[in-house]
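1. Sequence first, predicted model second:
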Amino acid sequence: MRRLVRKSIENLIPYPPGKPLEELQRESGIVGAIKLASNENPLGPSPKAIMAIKENLNNIQRYPDGSCYDLRQKLAKKFRLPMSRIIVGNGSDEIIGLIVYTFLSPDEEVILPTPTFLLYEKVVEGFGGKIVTAPLRDFSIDLPAILKAVTPETKIIFINNPNNPTGKALKKEELSDFLCSLPPDVIVVLDEAYIEFATDPKVGSAVELLESYPLLVVLRTFSKAYGLAGLRIGYGFASELMIESMNRIRQPFNANYLAQVGALAALDDDEFVEETLTVIRDGLESLYSQLDRIGLKYLTTQTNFFLIKTPLGAEETYRRMLREGVIVRPMESFGLNDYIRISVGLPEENERFIKTLEKILS
Ligand SMILES: Cc1ncc(COP(=O)(O)O)c(C=O)c1O
């Protein structure tokens, strides 16, 4: 009999998202829980975005501008790139899919540092591409190991900088040397979902490297520093040819109307982004010092989340924290069985996290 489900999808395990608060309430009746599991903005959405969305609610009977003209124009100005080199997606997640569906042929190779953001693997595997892994070194992306893994079949390399889930970042100079060492027909995707949070001045965006490496794609999102994860809007930079190719298969109205309106306003909300960065930096400082006091190991981060090593193991820690109404992310699915990942919250959320952690460990 003919196969119903494509072979590459048959054994695919769905992407495991952080548990939503509503689901916890539905399943366990726990109210007043806090979620520190999906690296969202603890301050909420950009106030300018909220205001713009409220003002434009009356227009949602219309289809959005499929070309995202205004948003691309504003991004073009901000990043000093032509509009023709910008694509907007239903979250940067969508653009990750578009890259794979546009450029990869089944059986071509994709190099993934591991562990990294799980979506790359899901998309490539589901599509039928061949994954080649390059393990991290001391929790950081190992560029020499990636170079060693390159073969004539290598088509795409995904690099998340800073890397989810380890929070470690590559320096701009390392990246530039790496790109120059690659064969010229390899596509490099630099996913910078968390780049706004990086505090090390040597860590920089690869946007400036776009000129010297024609097959570079840089991805950004409004989901983290701008607090618009629920709207689903992200963007990418690449060569005109690559953008034009992805546009051929992109859904015509992929970025919804309110998302475009919100993103456009959020780009002007420097005050909110600054406040976000302060909350994250202060939160990290306080969490690190509390963990030092408790005596738990953790990884310092360049992002708004970080890994904590737990003596109970990831799953047990996650379950015990969940019963207390604190949602964290167990790291088994990333192959880090002794680690949980937490996102930095508001001061009171961080405090509750620490108190709960001490309680479940005692
Ligand atoms: C590394 C990385 N890239 C992309 C995304 C997805 O971003 P978006 O909400 O824009 O789809 C995430 C979300 O957690 C992420 O961690």
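-> Cool, got the structure.

2. And the helices in the protein?
-> 7-10, 21-28, 47-55, 69-79, 92-103, 118-127, 143-149, 172-181, 240-249, 257-266, 270-294, 314-323, 347-361 (DSSP state H).

3. I'd like to know which residues of the stretch 51-200 of the chain are adjacent to the ligand.
-> With C-beta under 6 Å from any ligand atom as the criterion, the stretch 51-200 of the chain meets the ligand at residues 91-93, 117, 160, 164, 191, 193. C-beta coordinates here come from the backbone N, C-alpha and C atoms, glycine included.

4. how about TSV for those, with pLDDT and neighbour count added?
-> Output for these, formatted as TSV (pLDDT from 0 to 100; neighbours: other C-beta atoms under 10 Å):
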residue	pLDDT	neighbour count
91	98	23
92	98	25
93	98	20
117	97	21
160	98	25
164	98	20
191	98	28
193	98	23
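
5. Dump those to TSV, plus distance to residue 333.
-> Below are those laid out as TSV (distance: C-beta to C-beta, whole Å):
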residue	distance to residue 333
91	20
92	20
93	17
117	11
160	16
164	12
191	18
193	18
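
6. from those residues, which single one is nearest residue 37?
-> The closest of those to residue 37 turns out to be residue 164 (C-beta to C-beta; 12.2 Å).

7. Any figure for the gap between that closest one and residue 304?
-> Here the criterion is C-beta to C-beta, to the nearest Å. By it, residue 164 lies 10 Å from residue 304.

8. before we move on, the earlier item: residue 224 is nearest to which of the helices of the chain?
-> Nearest of the helices of the chain (C-beta to C-beta): helix 270-294, 8.6 Å.

9. Could you identify which of the helices of the chain has the lowest mean pLDDT?
-> If you rank these by mean pLDDT, helix 21-28 sits at the bottom with a mean of 87.

10. so how far does stretch 28-46 reach from one end to the other?
-> 31 Å (C-alpha to C-alpha, to the nearest Å).

11. Sorry, slip of the keys, the one I care about is stretch 102-119.
-> Stretch 102-119: ends 17 Å apart by C-alpha to C-alpha.

12. Quick check: neighbours shared by residue 164 and residue 304?
-> 39, 194 (C-beta atoms under 8 Å, 6 or more residues apart in numbering).

13. coming back round to it: nearest to the ligand among the residues of the stretch 51-200 of the chain next to the ligand?
-> Of all those, the ligand sits closest to residue 91, with 2.6 Å by C-beta to the nearest ligand atom.

14. residue contacts, the closest one?
-> Contacts of residue 91 (C-beta under 8 Å, 6+ apart): 221, 223, 232-234.

15. Check residue 106 too.
-> 8, 127-129.

16. Now tabulate the residues you listed in TSV and tack on neighbour count.
-> TSV is the format used below for these (neighbours: other C-beta atoms under 10 Å):
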residue	neighbour count
8	14
127	18
128	16
129	21
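
17. separation between the residue most central in space within the chain and residue 281?
-> With distances taken as C-alpha atoms, centre = their mean, the chain has residue 193 as the residue nearest its mean C-alpha position (4.5 Å). For residue 193, the distance to residue 281 (C-beta to C-beta) stands at 18 Å.
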